[in-house]
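Engineer: Sequence first, then the predicted structure, then my questions.
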There are 2 protein chains.
Amino acid sequence: MSAESIAKAANLAFSSLKTLSNTQRSTALQKIHDALAAHKDQVLEANKLDMDAAIEHKFSSSLIKRLDLSSPGKYDGMLQGILDVANLEDPVGKITLAKKIDEGLNLYRVTAPIGVLLIIFESRPEVIANITALAIKSGNSAILKGGKESYQTFKIMSDIVNETLAKDTDVPKDAIQLIQSREDVADLLSQDKYIDLVIPRGSNALVRNIKSNTKIPVLGHADGICSIYVDENFDIVKAKRIVVDAKTNYPAGCNAVEQLLFNKNIPVEQINEILQTLIAAKVTIHVTEQVKQILTIGESEYIKDAEEDAFDKEWLSLDISVDLIDNVSAAIAHINLHSSKHTDCIITEDKAKANLFLHGVDSAGIYWNASTRFADGFRYGFGTEVGISTNKIHARGPVGLEGLMSYQYHLKGDGHIASEYVGAGGRKHFIHEDIKL
Amino acid sequence: MSAESIAKAANLAFSSLKTLSNTQRSTALQKIHDALAAHKDQVLEANKLDMDAAIEHKFSSSLIKRLDLSSPGKYDGMLQGILDVANLEDPVGKITLAKKIDEGLNLYRVTAPIGVLLIIFESRPEVIANITALAIKSGNSAILKGGKESYQTFKIMSDIVNETLAKDTDVPKDAIQLIQSREDVADLLSQDKYIDLVIPRGSNALVRNIKSNTKIPVLGHADGICSIYVDENFDIVKAKRIVVDAKTNYPAGCNAVEQLLFNKNIPVEQINEILQTLIAAKVTIHVTEQVKQILTIGESEYIKDAEEDAFDKEWLSLDISVDLIDNVSAAIAHINLHSSKHTDCIITEDKAKANLFLHGVDSAGIYWNASTRFADGFRYGFGTEVGISTNKIHARGPVGLEGLMSYQYHLKGDGHIASEYVGAGGRKHFIHEDIKL
């Protein structure tokens, strides 16, 4: 099938998926759960082929770990995830605004699925179950395109999902299309007539490449350049805990801190104490000339000069860029210019300064005395996460089911016409009264 | 100034505008109102120059009418509009979600401005006041680029706004930049690093051109291809009223109907009666072969064969495409394929069919027994309208102040770190309890 036929079929399936009840959608998820549970052995056999190939090709150990569906609890966790999504509250058809426009003419704003999602992912095969569940529950069609590393796992799982939908459910089979072929993803990215949103799950390189090759809106983030600003009135115990956690808990995470900004009025010994703690945690500090001049730590392999791009890069490693800053306003300006609008933190005991920071910084998450590592759908209590968005339009930050929803206006009348009202040639006035829900 | 310096200055101004209180923002609007009121004569003189040039260049009468700020009530209406926006409820900082993550660690989702808006418009000079008011009230920076038809009016109004902001208000002057130069708009459209949203106000050609020349999200609509589907169980009086209003009240409007679909089981004489009513209102009907075969109207200059593109075009004139359709499901599929996802209507007395249509059609507005002409911010009771969006991401339908808002997450802790919690190496569990507001 051509990319266009795939996208068009997804779009047609959406028209009918959109009208299914919550029970019909959740029952389909239960059926998919049951089928994947029944075929666990076959899926793990296929997964073993992918693992063997990955080991043979000497892929990184983290990639191999992500690929492995047989590690304890992973397969069952994936199955449970499908049921968890099935049991979530129905996100479709919630009324978020209701207005009486005139007698007998009522306006409702109602939550509705977005349409057709294109999900492109690399190695994690459990994404198939995860996204299939989220898409069906939210009434969206989805086209899933996996990476070649998980080809065998993807193939068997997609066969199971496709067969189950076709045989046992009211969900049209084209609502979830799992593209096994190796054809170029570019063909799908050009189907902006039929596809409404692209969700890439994978490396920064993947996301950046997709963002620059499609007209379709992309939900996600390429960089996660997070900053911590330590204000002059601060608690050093909290500062040390937060900075070390944010940098070292999972340096490869998009919510790891990459830049540390100190207020220039902080006593030199406190700045040195915090930096010393980072060095003790094996973090290399990349310091500006200003910071270098006040360092009292002495020679260390963990101290380097900050290069020109130090404040515009995502380290993803045990490295951090360090600078001095005049005040909270300068910190806000610096962050709004250099951060990737993911998550930024202020450490201070001064509530007014914290509030200024919270309201001035233009990022998806702004934290006061808490580690940037909390930026995560699970930690926010959103359940399954679609991804973390640094977009400023539509969904921001960790995105759950809600991020896959849009809304529509329903207007219910009884033969009402505009030309009888003021502004369109008539004399009638609008009532515009809120309807209590 | 280069497009990059303009965009960067807007972005910097946003960081400080974002922290201003509602009073500071609303006071700035009051000052702009006063200054535009005080300089009414000068503005109208400049407007006269634009009008003279437009007449000399033999521009269309509708363009000249849009250009004219001196027509009765228009200038005062524009001034009143600024005060109306100033007096709206503050859209910034509303808490829309609050969760206790753990003891002393609270998460809030808070409404926040989007950032930097680029507004490109053609002839209506009152858009300057309108958009300036909406941008400042919502805490967004705005770059306004007018068309050459309104150059003189734009120049004087922009001088007044710029001077007032710089002299009399807490709003940084670069928060509203009015670009008088004739430099190519393409340079601004490439500033996706600094500009968050483009709002084009003008012809379809303008919008289409902008959409295909920028990576920045565009809020608006190019086409307004609206449809009416008449189901078999319907009231002919309502049908005739709605169809005529939707087609003839303002044919150039994006919410005018362009396609009329009849259920094939409707008695032939009723279909003819409705089409006859349209012809009596000087509407040319473009009929498919199927419709042609049941026509009993006889020869008429108002009857034409539907050409191949009849169901994919916006007439913007007293023309309408007409076809027969099998049933409501076929109507939904037809509309989802051919409409521009603006506003579509079903005429029926059958509630179940209406509900299927309301839930199946994938457009911003779905109407039951009401004219598509109601798709308008004023008629919806939204106050000043930014435009009508056919996007499926972010704002849809008529967009008011709310469409200029995004949200951010504020996390307030007391030294909390992720590594103490399950999932990141620790043993603590999250509470995830809703906080009552």
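Structural biologist: In hand now; what should we look at?

Engineer: Flag the shaky bits of the stretch 101-250 of chain A, pLDDT-wise.
Structural biologist: For the stretch 101-250 of chain A, the stretches flagged by pLDDT under 70 are A:181-183.

Engineer: just the helices in it please.
Structural biologist: A:127-138, A:151-168, A:185-189, A:204-211, A:236-248 (DSSP state H, counting those that start in this stretch).

Engineer: Just put these in CSV and tack on mean neighbour count and distance to chain B.
Structural biologist: C-beta here means a position set from N, CA and C on the backbone, and glycine is covered the same way. Listed next are the helices of the stretch 101-250 of chain A as CSV, based on neighbours: other C-beta atoms under 10 Å in any protein chain shown; distance: least, C-beta to the nearest C-beta, whole Å:
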stretch, mean neighbour count, distance to chain B
helix A:127-138, 26, 13
helix A:151-168, 19, 19
helix A:185-189, 18, 14
helix A:204-211, 17, 8
helix A:236-248, 22, 3
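
Engineer: Could you show which parts of the stretch 1-150 of chain A are in contact with chain B?
Structural biologist: Residues of the stretch 1-150 of chain A lying near chain B by C-beta under 8 Å from any C-beta of the partner chain: A:11-12, A:14-16, A:18-19, A:93, A:99, A:101, A:105, A:107, A:112, A:114-115.

Engineer: Of the residues you listed, which is the most crowded?
Structural biologist: A:Ala112 (29 neighbours; other C-beta atoms under 10 Å in any protein chain shown).

Engineer: Check the secondary structure at the nearest residue to that residue once chain neighbours are set aside for me.
Structural biologist: Of all residues not flanking A:Ala112 in the chain, A:Gln408 sits nearest, at 4.6 Å (C-beta to C-beta, 6 or more residues apart in numbering or on different chains). At A:Gln408 the chain is in strand, as set by DSSP: H, G, I helix; E, B strand; the rest coil.

Engineer: likewise A:Leu356?
Structural biologist: Three-state call for A:Leu356 (three-state DSSP): helix.

Engineer: count of neighbours near it?
Structural biologist: By the criterion of other C-beta under 10 Å, A:Leu356 has 20 neighbours.

Engineer: Equivalent analysis for A:Ile55, please.
Structural biologist: Using other C-beta under 10 Å: A:Ile55 sits among 12 other residues.

Engineer: Now do it, the pLDDT please.
Structural biologist: What the model reports for A:Ile55 is a pLDDT of 93.

Engineer: quick one: contacts for A:Ser321?
Structural biologist: Residues in contact with A:Ser321 (C-beta atoms under 8 Å, 6 or more residues apart in numbering or on different chains) are A:Glu258, A:Gln259, A:Leu260, A:His286, A:Ala306, A:Ala310, A:Phe311, A:Lys313, A:Trp315.

Engineer: Quick one: residues contacting the fourth one.
Structural biologist: Remark: with contacts taken as C-beta under 8 Å, 6+ apart, A:His286 is in contact with A:Lys304, A:Asp305, A:Ala306, A:Glu307, A:Ala310, A:Asp319, A:Ile320, A:Ser321, A:Val322.

Engineer: Now do the first one against A:Leu261, distance only.
Structural biologist: Taking C-beta to C-beta, to the nearest Å as the measure, A:Lys304 and A:Leu261 are separated by 17 Å.

Engineer: Between those two, which is the more surrounded one?
Structural biologist: A:Leu261 (23 against 15).

Engineer: Quick one: work out the angle between the helix or strand hosting the more buried one and helix A:236-248.
Structural biologist: Here A:Leu261 sits within strand A:257-263, counting by DSSP states H and E. Following axes from the mean of the first three to the mean of the last three C-alpha atoms, to 10 degrees, one obtains 150 degrees for the angle between strand A:257-263 and helix A:236-248.

Engineer: Beyond strand A:257-263, next helix or strand please.
Structural biologist: Following strand A:257-263 in sequence order, the next helix or strand is helix A:268-280 (DSSP H and E).

Engineer: Give me the next element, helix or strand, following that next one.
Structural biologist: Immediately after helix A:268-280, counting by DSSP H and E, sits strand A:284-287.

Engineer: Show the average pLDDT along the helix or strand just after that following strand.
Structural biologist: Downstream of strand A:284-287, the first helix or strand assigned by DSSP H and E is helix A:289-294. Averaging pLDDT along helix A:289-294 gives 97.

Engineer: tell me the domain boundaries of chain A?
Structural biologist: A:3-219+A:386-406, A:226-380 (automatic domain parsing).

Engineer: Dump these to CSV, plus distance to B:Ala395.
Structural biologist: Compiled in CSV, the domains of chain A are given as follows (distance: least, C-beta to C-beta, whole Å):
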stretch, distance to B:Ala395
domain A:3-219+A:386-406, 9
domain A:226-380, 18
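
Engineer: Assess the claim that the residue nearest to A:Ala112 and B:His359 are in contact.
Structural biologist: No - counting by C-beta atoms under 8 Å, A:Gln408 does not reach B:His359; the two are 9.1 Å apart.

Engineer: can you pull out the helices in the stretch 251-400 of chain A?
Structural biologist: Remark: helices assigned in the stretch 251-400 of chain A by DSSP H, counting those that start in this stretch are A:268-280, A:289-294, A:328-338, A:351-360, A:377-380.

Engineer: which stretch in the ones you listed is the model least sure about?
Structural biologist: helix A:377-380 (a mean of 90).

Engineer: hmm, it touching chain B?
Structural biologist: Yes - counting by C-beta under 8 Å from any C-beta, contacts between helix A:377-380 and chain B involve A:Phe378, A:Arg379, A:Tyr380.

Engineer: Could you verify my assumption that the first one touches A:Asn255?
Structural biologist: It stands for A:Phe378. No - between A:Phe378 and A:Asn255 there is no contact, the gap being 11.8 Å when judged by C-beta under 8 Å.
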